[in-house]
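Q: Sequence first, predicted model second:
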Amino acid sequence: MSGAEGSPTARPLARRALLWAPLGLAAAGGIGFWAMLRGMKDGSYDPRGVPSALLGKPAPRLALPPLEGVETPGFQPEALATGGPVLVNFWASWCVPCVIEHPQLMALQARGVRLLGVNYKDKAPEAGRFLRQHGNPFSALVVDAEGRAGIDYGLYGVPETYLVDGGGIVRWRWAGPMTPDTVSAELEPLLRRHA
Amino acid sequence: MIPELGHFALALALALALAQSVLPLVGAQRGEARLMAAGAGLATGVLIAVAAAFAALLWSFAENDTTVSAVVQNSHSAKPMLYKLAGAWGNHEGSMVLWVLILALCGGAVALFGRGLPGALRARVLAILGMIAVGFLAFILATSNPFTRVWPPAVDGQGLNPVLQDPGLAFHPPLLYLGYVGTAVTFAFAIAALIEGRVDAAWGRWVRPWALASWSFLTLGIALGSWWAYYELGWGGYWFWDPVENASLLPWLAGCALLHSAIVVEKREALKTWSIFLAILAFSMSLLGTFLVRSGVLNSVHAFANDPERGVFILALLFITVGGAFALFAWRAPALMPTGIFAPLSREGALVLNNLLLCTVAAVVLAGTLYPMFADLMLKAKISVGPPFYQATVFPLALPLILAMAAGPLMAWKRARAWPVLQRLWWVALVALGVIALVWLVQGRPVLPALGFGAACWLILAAFVDVAERIALFSRPRAAFARARGLPRAAWGGAVAHAGFGISLLGMAGMGLATQALVNVRPGQSVPLAGYEFRLDGVGDVVGPNFTARRATVTVLRDGAVVTVLTPERRNFPLARQTTTEAAIHTTWASDLYAVMGEEENGVATLRLHHNPLAPWIWLGGAVMALGGGISLSDRRARVGAPARRRAAAEAEA
């Protein structure tokens, strides 16, 4: 715009069109925002919910090594389709919200829910120390040191949890720490349905 | 009774603001001096009414009036007085009243100090400010009344979010709002100029102090917010590229560009259309931030209220203001023909480059902030745009900006030559390159911190060269002091602000070398970090006014000698049922020693320890930048320049 102003020879028509551009952009943005607000009212737009493209699709294979220094075994890629629901939990020792989420994982494990842990972009000794300190809720554990599986799953961040049903199909995804409310309001009905 | 008076005062303010937005405008169109003059009185009336409403709100919070809904939700009798008062603007409703109060203050300032302005321009500016006030007062009265009563009264309040109980945060919103609302004044000047169809040097001279003041307050507000996040949230970082942080950065960038382009308008009568555009853009960005934070369309730690109704109202305001302004812009801007011509290699050329780069940065940040929301809406894809995006896009743009920032002030107006500038800066460039090489050799780590140190040296030394040249420090050192006193404050201000940015960069580069460790230790154990020894002496209980806490005592030693004792806390607020961490920070100015306390289990405490080199300089640099703005604002020309056009206009009329 400053260029057009600097040269008086710029074609007046192009210059006029350029002056309308901000209004056009602002209008487009406004329509978008309006659609968001409409969507928030009827529930089709939810800035907090993070649905996954994987919902209803087979869970990506997790061909990853086990976590060293911990007795928990790794698991085979086939372990995701076991006939019963499985929670796949991405976590890391450097992740502060994981500490908040941990009691819920421990409670789920105590109730007999199978938890597969994916230790994400972490160092093995620190991950081991984290589990010794806070307890180990996982029945199997693998390491995703480079974040490859995170890309396959479309990870939003850590912690993040997927519910995979007995047929290996992703049924639910939760980005961020699961609170007691999340578990009782969202996860438990699904666990019952897919049990 | 008092809350009802407050409510009434708001309604009264709305009525006065309606009159303020109509009468002076009609007067200016018809050339009726009496109608035009009504603007000043009405603006003062709005100010008094809004101030009364705000006082009533403060009174309700100070008295802990539990029949007022906002008090019940956000306050508690056990809170210290400062936070009771800060609670008045620590929530959605109260912060809107503060917003309007500051807007009314700006209107009052234009009415009182704008006597030097031509009558029609002042009338139109006041009318535009009145319209904005009408919009926001209607918003408050229709959707967010801060004086809503509850009956029966609650026994006591539910307490303010304990994270917000902090002096830094008590003053962060007012400073930020001063900055946001300041953009409303430059916006009003821009619209008035579009209506008049005239932008001249005098216009640039009037707009510049407002742009400067708004930019300085925004700088202070952003720096304070960033500092608060650093020491209160305990994450150890200073900027997270959170959408709400970006929302405050956008008007800052636009305001920064306006500040510089207004200089060109004043000196060279060029960049007129562009400056008008920037003034509209800066206010649009302020409003956009308000919309994003308060409508609930984005998911952020800062988000205020999740009420689509409010969102619709703000969007309507946004639509009328921004849409109306840009439509007027497209219609009227062709009338504003540039009179000056300029060469690419000149001070104004450098300022154009500065504007282009600043606006590109703003566009990138805007795209990064809005893209996830629009991707969600249109592609149904949840995407998060995080620091890596901004690092990859903003840093490459910042580099040429920093290079040009140093050279620009050394160039002459109209037509400059490259050689004299290079001649004055070659040793600065050598020092900067030396610093880059040195840091890179010593640290052997990512190149970005090294570049940051080099860029910081480049900026600070170039600002020094700028001042030294102007006062002839080296060529005629004896007269230098006298010349320094005679140097315009605007020149000092510019140099100080540029150096302040360099100081901030120094801190950011230092933070690029920060180290941290998450450790589990028993009392008596110690951990090494960055050449220091952190020893946990013990963990004890502490009782505060409205919280209980676990406090760790960590002694920091260097070579066996005690450097400091850090006492990070985990505070538990029983009323808010919330736990917060209080980071303990010891600064040596060369670095911060920073400790956060985590969970405890079986006598083992989790501690997060940080060593943050040069961290305090980030915010100190922000303060220096704002100081530069203040010095420039005190320039004689900013104060006495205003009557120039009136005289010229009077002569023209005569």
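A: That came through, no problem. Worth saying up front: this structure is predicted, and the values here are computed from it rather than measured.
Q: Please identify the residues of the stretch 301-450 of chain B in proximity to chain A?
A: Residues of the stretch 301-450 of chain B lying near chain A by C-beta under 8 Å from any C-beta of the partner chain: B:308, B:311-312, B:315, B:318-319, B:322-323, B:326-327, B:329-330, B:333-334, B:337-338, B:341-342, B:352, B:355-356, B:370, B:373-374, B:376-378, B:380-382, B:384. In short, each C-beta sits where N, CA and C put it, glycine included.
Q: can we see that at 7 Å?
A: Listed as neighbours of chain A in the stretch 301-450 of chain B under the rule C-beta under 7 Å from any C-beta of the partner chain: B:308, B:311-312, B:315, B:318-319, B:322-323, B:326-327, B:329-330, B:333-334, B:338, B:342, B:352, B:355-356, B:373-374, B:376-377, B:382, B:384.
Q: Below-threshold pLDDT in chain A: ranges please.
A: Low-confidence segments of chain A (pLDDT under 70): A:1-12, A:43-44, A:46-53, A:78-79.
Q: from it, which residue is nearest to chain B?
A: Here chain A gets closest to chain B at one residue, residue A:23, 3.8 Å apart by C-beta to the nearest C-beta.
Q: For burial, what's the neighbour tally of the residue nearest to that residue when sequence neighbours are not counted?
A: For residue A:23, ignoring the flanking residues on the chain, the nearest one in space by C-beta to C-beta, 6 or more residues apart in numbering or on different chains is residue B:326 at 3.8 Å. By the criterion of other C-beta atoms under 10 Å in any protein chain shown, residue B:326 has 24 neighbours.
Q: can you pull out the strands in the stretch 401-550 of chain B?
A: B:515-521, B:526-529, B:532-543, B:548-558 (DSSP state E, counting those that start in this stretch).
Q: partners of the longest one in the sheet?
A: Using DSSP bridges, strand B:532-543 pairs in its sheet with strand B:526-529 (antiparallel), strand B:548-558 (antiparallel).
Q: need the next SSE after the longest one, C-terminal direction.
A: Yep, that's strand B:548-558 we're talking about. Next helix or strand after strand B:548-558 toward the C-terminus (DSSP states H and E): strand B:561-566.
Q: That next one to strand B:548-558, inter-axis angle?
A: On the basis of axes from the mean of the first three to the mean of the last three C-alpha atoms, to 10 degrees, strand B:561-566 is oriented at 160 degrees to strand B:548-558.
Q: Mind giving me the packing neighbours of strand B:561-566?
A: strand B:548-558, strand B:584-587, strand B:591-601 (3 or more C-beta pairs under 7 Å, 6 or more residues apart in numbering or on different chains; DSSP states H and E).
Q: and that strand, what's its mean pLDDT?
A: Averaged across strand B:561-566, pLDDT comes to 92.
Q: Low-confidence ranges, the stretch 401-550 of chain B, go.
A: Using pLDDT under 70, the flagged stretches of the stretch 401-550 of chain B are B:445.
Q: Smallest distance to chain A belongs to which residue of it?
A: Taking C-beta to the nearest C-beta, the stretch 401-550 of chain B has residue B:520 as its residue nearest chain A, at 5.7 Å.
Q: residue contacts, that residue?
A: Applying C-beta atoms under 7 Å, 6 or more residues apart in numbering or on different chains, we find residue B:520 in contact with A:129, A:133, B:604, B:606.
Q: Kindly state the beta-bridge partners for it.
A: Bridge pairing for residue B:520 - DSSP bridges - gives residue B:606.
Q: could you redo the strands paired with strand B:532-543 as TSV and give each row mean neighbour count?
A: Output for those, formatted as TSV (neighbours: other C-beta atoms under 10 Å in any protein chain shown):
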stretch	mean neighbour count
strand B:526-529	16
strand B:548-558	18
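Q: Burial check on the closest residue to residue B:566 other than its chain neighbours, number of neighbours?
A: Spatial nearest neighbour of residue B:566, chain neighbours left out: residue B:584 (3.8 Å); criterion: C-beta to C-beta, 6+ apart. Residues lying near residue B:584 (other C-beta under 10 Å) number 23.
Q: With residue A:54 instead?
A: Neighbours around residue A:54, by other C-beta under 10 Å: 18.
Q: Would you agree it is in contact with residue A:171?
A: No: using C-beta atoms under 7 Å as the test, residue A:54 is too far from residue A:171 to be in contact (9.6 Å).
Q: if we can go back for a sec, could you dump the helices and strands packed on strand B:561-566 into CSV and include distance to residue B:257?
A: Converted to CSV, the helices and strands packed on strand B:561-566 look like this (distance: least, C-beta to C-beta, whole Å):
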stretch, distance to residue B:257
strand B:548-558, 44
strand B:584-587, 33
strand B:591-601, 32
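Q: residue contacts, the residue nearest to residue B:566?
A: Residues in contact with residue B:584, defined by C-beta under 7 Å, 6+ apart, are B:566, B:567, B:568, B:595.
Q: could you redo the last one with a cut-off of 8 Å?
A: Contacts for residue B:584 were tallied using C-beta atoms under 8 Å, 6 or more residues apart in numbering or on different chains; they are B:554, B:566, B:567, B:568, B:569, B:594, B:595, B:596.
Q: same question, residue B:18
A: Contacts of residue B:18 (C-beta under 8 Å, 6+ apart): B:130, B:134.
Q: pretty sure it belongs to a helix, no?
A: Yes: assigned with DSSP: H, G, I helix; E, B strand; the rest coil, residue B:18 falls within a helix.
Q: Spatially central, which residue of chain B would that be?
A: residue B:218 (2.1 Å; C-alpha atoms, centre = their mean).
Q: burial measure for residue 74, as a count.
A: Chain wasn't specified; assuming chain A. A total of 17 residues lie near residue A:74 under the criterion other C-beta under 10 Å.
Q: My question was about chain B, not that one.
A: Counted with other C-beta under 10 Å, residue B:74 comes out at 26.
Q: all helices for chain A, in order.
A: A:2-6, A:12-42, A:96-110, A:124-134, A:148-153, A:180-182, A:188-194 (DSSP state H).
Q: Those helices into JSON lines, with extra columns for mean neighbour count?
A: Listed next are those as JSON lines, based on neighbours: other C-beta under 10 Å:
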{"stretch": "helix A:2-6", "mean neighbour count": "18"}
{"stretch": "helix A:12-42", "mean neighbour count": "15"}
{"stretch": "helix A:96-110", "mean neighbour count": "18"}
{"stretch": "helix A:124-134", "mean neighbour count": "18"}
{"stretch": "helix A:148-153", "mean neighbour count": "16"}
{"stretch": "helix A:180-182", "mean neighbour count": "12"}
{"stretch": "helix A:188-194", "mean neighbour count": "14"}
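Q: Can you add distance to residue B:538 and give those helices back as JSON lines?
A: Listed next are the helices of chain A as JSON lines, based on distance: least, C-beta to C-beta, whole Å:
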{"stretch": "helix A:2-6", "distance to residue B:538": "63"}
{"stretch": "helix A:12-42", "distance to residue B:538": "50"}
{"stretch": "helix A:96-110", "distance to residue B:538": "22"}
{"stretch": "helix A:124-134", "distance to residue B:538": "19"}
{"stretch": "helix A:148-153", "distance to residue B:538": "40"}
{"stretch": "helix A:180-182", "distance to residue B:538": "32"}
{"stretch": "helix A:188-194", "distance to residue B:538": "41"}
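Q: mind listing what's buried in stretch B:420-433?
A: Buried residues in stretch B:420-433, counted by 16 or more other C-beta atoms under 10 Å in any protein chain shown: B:421, B:424, B:425, B:428, B:429, B:432.
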